[in-house]
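Colleague: Sharing a sequence plus its predicted fold:
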Amino acid sequence: MSDLKVGLAGLGTVGAAVFRMLDRRAAELAARTGRAVKVTAVAARDRTRDRGIDLSSVTWFEDPVALAREGDIDVLVELMGGDGDPAKATVAAALDRGIPVVTANKALLAKCGVDLALRAEASGAGLHFEAAVAGGIPVVKTLREALTGNAIERVSGILNGTCNYILTRMADEKLSFHVCLTEAQRLGYAEADPTFDIDGYDTAHKLAILTSLAFGTQVDADAIYVEGIRQLTLADLEAADDLGYKVKLLGVAVKTDTGIEQRVHPTMVPKHWPIAQVSGVTNAVAVDGDAVALTLVGPGAGGDATASAVVGDIFDVARGAKGFTFGLPVGELTKAERAPMQRHEGGYYIRLAVVNKPGTAATITRRMADEQISLESIVQRQPGGAVAAETAHVILITYATTEEAVRRAIAAIEADGVVASLPQVIRIEKD
Ligand SMILES: NC(=O)C1=CN([C@@H]2O[C@H](COP(=O)(O)OP(=O)(O)OC[C@H]3O[C@@H](n4cnc5c(N)ncnc54)[C@H](O)[C@@H]3O)[C@@H](O)[C@H]2O)C=CC1
Ligand SMILES: N[C@@H](CC=O)C(=O)O
């Protein structure tokens with residue numbers, strides 16, 4: 001069989017790692033596919049940068065779209081990032097030409113997944129994206145192929161390596177948020193714009209893809225309730241620890257009576273739960289099917305981990321694997337009913353910085369009772385440092401209640417004038 005000529009658009013953390021891995025694993029890939037897999041053309045911004053890879057024998061394109069349109073390639077690997085052009089135009093140009101695409105770009109898939117899948121169907125070229133969700137964990141193929149026999153009820157997990165790295169180091173080493181974020185960037189975990197990580201959007205992009213694969217729906221990132229981690233303080237992580245929990249940024253998609261509830265937010269999980277032990281850049285994805293429930297755990301970000309998934313997809317292209325982008329023809333993907341977040345039920349951690357005067361606790365408990373919210377505990381803490389002595393932190397842990405009841409109670413407490421700054425709310429998952 002002929003060689004598989006690879007066109008690589010983007011030579012950053014992941015692109016350079018893919019280049020090295022294809023080189024390192026060349027003999028194995030050739031033996032398994034019967035074809036030599038070779039990078040023949042690349043597109044990146046900076047020709048002069050030393051990436052520690054030998055680009056002397058590849059054709060260099062200034063414009064990634066030109067690489068996709070005109071390059072002498074059999075597969076286009078998009079590793080530039082971004083949900084617009086040039087990534088979108090590059091992927092579209094390759095698919096329209098009948099060239100299969102491998103991408104790690106979850107932002108692009110979350111925004112344009114349906115359009116790109118239609119193009120893939122029209123031309124018969126595959127669109128492969130294992131690396132777009134949870135880095136090195138093969139969860140896309142698991143959901144799209146291996147678990148086809150299951151009706152899926154819920155898919156959830158830790159889907160962002162940067163956030164889990166930050167939360168782990170803050171909690172374990174009492175480091176500041178910004179020190180941890182800078183380190184995650186240095187290690188190549190964070191997005192080019194790290195606000196996508198820390199504000200929860202990267203997790204939402206991945207959850208949108210998982211939801212489509214699990215429930216046969218059209219990718220719809222706008223259907224997801226999203227909160228990130230930038231508002232979390234060391235005090236919250238310490239309080240969670242004292243109460244027997246770890247804080248994780250979870251993405252959850254679950255079938256409910258009113259539709260599919262999709263949410264991304266910091267979550268307190270009991271310390272004894274396996275997911276609480278998932279630390280650093282590691283991700284975990286739990287899938288609850290009617291026949292099989294399982295959790296996949298592995299590295300969620302970083303050059304080599306992500307390259308592992310990209311190279312697996314290139315291998316699929318080399319061996320001629322076929323299939324629908326999201327497991328079904330686009331015409332059969334349904335538009336998911338959205339379950340409103342206000343109906344979400346669960347426990348809540350609520351930290352209020354309150355005016356330290358008689359009657360404050362009574363006001364708070366009265367407003368909670370007005371909303372039929374039962375309190376598991378109420379603790380007053382006297383934070384040191386920046387908070388003035390006239391204020392105290394009151395931490396409430398509720399039994400299961402609804403989002404709308406919590407929001408109404410907090411609004412009433414704020415209107416009572418006993419709160420000194422914005423309340424902190426963290427949802428709790430428990431046995
Ligand atoms: N870094 C990670 O751990 C993971 C990254 N991803 C995804 O992989 C993709 C690449 O990520 P990284 O390698 O981390 O990004 P990066 O920022 O390190 O590299 C991006 C590369 O694309 C090139 N590029 C960007 N815009 C370009 C343009 N207009 N024309 C030509 N070249 C352009 C840059 O020059 C650079 O070589 C993104 O979609 C990201 O979300 C997915 C999983 C994990
Ligand atoms: N920035 C992302 C990279 C992988 O998807 C993350 O931290 O998980």
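Modeller: Perfect, I can see it now. Ligands and ions are numbered 1, 2, ... in the order given.
Colleague: got the residues of the stretch 1-150 of the chain near ligand 2?
Modeller: Counting by Cβ under 6 Å from any ligand atom, the residues of the stretch 1-150 of the chain close to ligand 2 are residue 135. Glycine gets a C-beta too; all of them are placed from N, C-alpha and C.
Colleague: residues from the stretch 1-150 of the chain in reach of ligand 1?
Modeller: Contact residues, the stretch 1-150 of the chain versus ligand 1 (Cβ under 6 Å from any ligand atom): 10-15, 43-45, 64, 79-81, 86, 104-105, 131, 135.
Colleague: What are the buried residues along stretch 168-178?
Modeller: 168, 169, 170, 171, 177 (16 or more other Cβ atoms under 10 Å).
Colleague: Spit out the contact partners of the third one.
Modeller: Remark: with contacts taken as Cβ atoms under 8 Å, 6 or more residues apart in numbering, residue 170 is in contact with 176, 177, 180, 232, 234, 237.
Colleague: Return the distance of stretch 183-194 from the chain's centre.
Modeller: 14 Å (Cα atoms, centre = their mean, to the nearest Å).
Colleague: what's the model's confidence in it, averaged?
Modeller: What stretch 183-194 shows for mean pLDDT is 98.
Colleague: What are the buried residues along that stretch?
Modeller: Residues of stretch 183-194 classed as buried: 183, 184, 187, 188, 189, 190, 191, 194 (neighbour count, 16+ other Cβ under 10 Å).
Colleague: ok, the third one touching residue 302?
Modeller: In other words, residue 187. Yes. Contact criterion Cβ atoms under 8 Å: residue 187 and residue 302 qualify, at 6.6 Å.
Colleague: how's the chain carved up into domains?
Modeller: 4-132, 139-300, 344-428 (automatic domain parsing).
Colleague: dump the residue contacts of whatever residue of the chain ends up closest to ligand 1.
Modeller: Nearest residue of the chain to ligand 1 (Cβ to the nearest ligand atom) works out as residue 12 at 1.8 Å. Going by Cβ under 8 Å, 6+ apart, residue 12 touches 44, 79, 80, 81, 192.
Colleague: quick one on the thing from earlier: among the buried residues of stretch 168-178, which lie within helices?
Modeller: 168, 169, 170, 171, 177 (DSSP state H).
Colleague: where does the stretch 151-300 of the chain come near ligand 1, residue by residue?
Modeller: Proximity of the stretch 151-300 of the chain to ligand 1, by Cβ under 6 Å from any ligand atom, involves residues 188, 189, 191, 192.
Colleague: hmm, which two among those are most spread apart?
Modeller: 189 and 192 (11.8 Å; Cβ to Cβ).
Colleague: Next, count neighbours for the nearest residue to residue 252 once chain neighbours are set aside.
Modeller: Closest residue to residue 252 apart from its sequence neighbours, by Cβ to Cβ, 6 or more residues apart in numbering: residue 156 at 4.1 Å. A total of 22 residues lie near residue 156 under the criterion other Cβ atoms under 10 Å.
Colleague: Could you give the bridge partners of residue 226?
Modeller: Note on residue 226: beta-bridge partners by DSSP bridges are residue 264.
Colleague: Just list the residues touching it, thanks.
Modeller: Contacts of residue 226 by Cβ under 8 Å, 6+ apart are 199, 200, 201, 203, 204, 263, 264, 265.
Colleague: ok, so what distance separates it from residue 274?
Modeller: Using Cβ to Cβ, to the nearest Å, one gets 25 Å for the distance from residue 226 to residue 274.
Colleague: can you check residue 305 too?
Modeller: Residue 305 is 20 Å from residue 274, by Cβ to Cβ.
Colleague: These two: who's more crowded?
Modeller: residue 305 (24 against 11).
Colleague: from what I can see that one touches residue 135, true?
Modeller: Yes. Between residue 305 and residue 135 there is a contact under Cβ under 8 Å: 4.5 Å.
Colleague: Which positions in the stretch 251-400 of the chain make contact with ligand 2?
Modeller: 300, 301.
Colleague: where exactly do the strands run in the stretch 251-400 of the chain?
Modeller: 259-270, 282-289, 293-299, 345-355, 375-381, 391-398 (DSSP state E, counting those that start in this stretch).
Colleague: Just tell me which of the ones you listed ends up closest to residue 417.
Modeller: Proximity of the strands of the stretch 251-400 of the chain to residue 417 was assessed by Cβ to Cβ; the nearest stretch is strand 345-355, lying at 7.7 Å.
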